[in-house]
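Asks: need a structure here:
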Amino acid sequence: GLIQERLTGFISHNEGRGDPELIMKNKLNERIKRYEFVLIDAPPNIGIITRNALRMSDYYIIPVIPDYLSTFGIDELVSELKNTYRMDIPCLGIIISKYRSNVSTHKKYYQILKAKSNDPGGNYVFNTTIRETVRLEDVPELKNYYNRYTPGQLYGYGELRGDIRKLTDEIIKKVEEYEQ
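Replies: Residues are numbered from 1 along each chain as shown. Next up is the predicted model:
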């Protein structure tokens, strides 16, 4: 959307003035230093926004819906990032998102991904899944009102909030394992 258009316009206007994949890093580097962990949610493509986010990252995570089409290109994505874009940053793992435990396809592909994670060179699959809920889908529309809502009101007080908290702990643990 809007950020993609602005960044593309900025790149066109500043052509020849440095690497366009480092714009975000150059602009945000000082702010990011204040935090121990920063998560950047990028679009599901390898466009300029995603490449900018990856260039400033120590690791990346692949969110995936556990179905055939969503899981089809995971290995190709990891290979393309490394070989085509020369991004030699480790994949921290795969997060199962929009998971519906009552859907047999979701159960099946979750198990397939977990089994593949045990293969040599397989991508780790986080144990915590993020369930599909209407509340989660509504959060981006509430972004303008985040100052008026508590996290519990945005993410719910029950299972989803617990899932996000567990996933956060699991991500931190995985980062600490990499850094040892």
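
Asks: what's the pLDDT at residue 177?
Replies: The model reports residue 177 with a pLDDT of 91.

Asks: Make 366 the first number, not 1, from now on.
Replies: Got it, the first residue is 366 from now on, which makes the last one we talked about residue 542.

Asks: other SSEs contacting the strand or helix carrying it?
Replies: Using DSSP states H and E, the element containing residue 542 is helix 524-543. Packing partners of helix 524-543 (3 or more C-beta pairs under 8 Å, 6 or more residues apart in numbering; DSSP states H and E): strand 456-461, helix 516-520. To be clear about C-beta, it is placed using only N, CA and C from the backbone, and glycine gets the same treatment.

Asks: Beyond the first one, next helix or strand please.
Replies: Read in the C-terminal direction, the helix or strand following strand 456-461 is helix 469-481, with elements assigned using DSSP H and E.

Asks: Name the residues that touch that following helix?
Replies: 429-433, 435-436, 459, 461, 464-466, 487-488, 490, 494 (C-beta atoms under 8 Å, 6 or more residues apart in numbering).

Asks: Where does confidence bottom out across the residues you listed?
Replies: Of all these, residue 487 has the smallest pLDDT value, namely 79.

Asks: how many other residues sit next to that one?
Replies: 15 (other C-beta atoms under 10 Å).

Asks: Hmm, residue 388 is touching residue 418, no?
Replies: No. Assessed by C-beta atoms under 8 Å, residue 388 is found out of contact with residue 418, at 10.8 Å.

Asks: the more surrounded of the two?
Replies: For residue 388 and residue 418, the more surrounded residue by other C-beta under 10 Å is residue 388, and the numbers stand at 21 against 18.

Asks: Could you list the low-pLDDT ranges of this protein?
Replies: Residue ranges of the chain with pLDDT under 70: 366-383, 499-523.

Asks: which residue is nearest the centroid of it?
Replies: residue 426 (4.8 Å; C-alpha atoms, centre = their mean).

Asks: which SS class is it?
Replies: What DSSP: H, G, I helix; E, B strand; the rest coil gives for residue 426 is strand.
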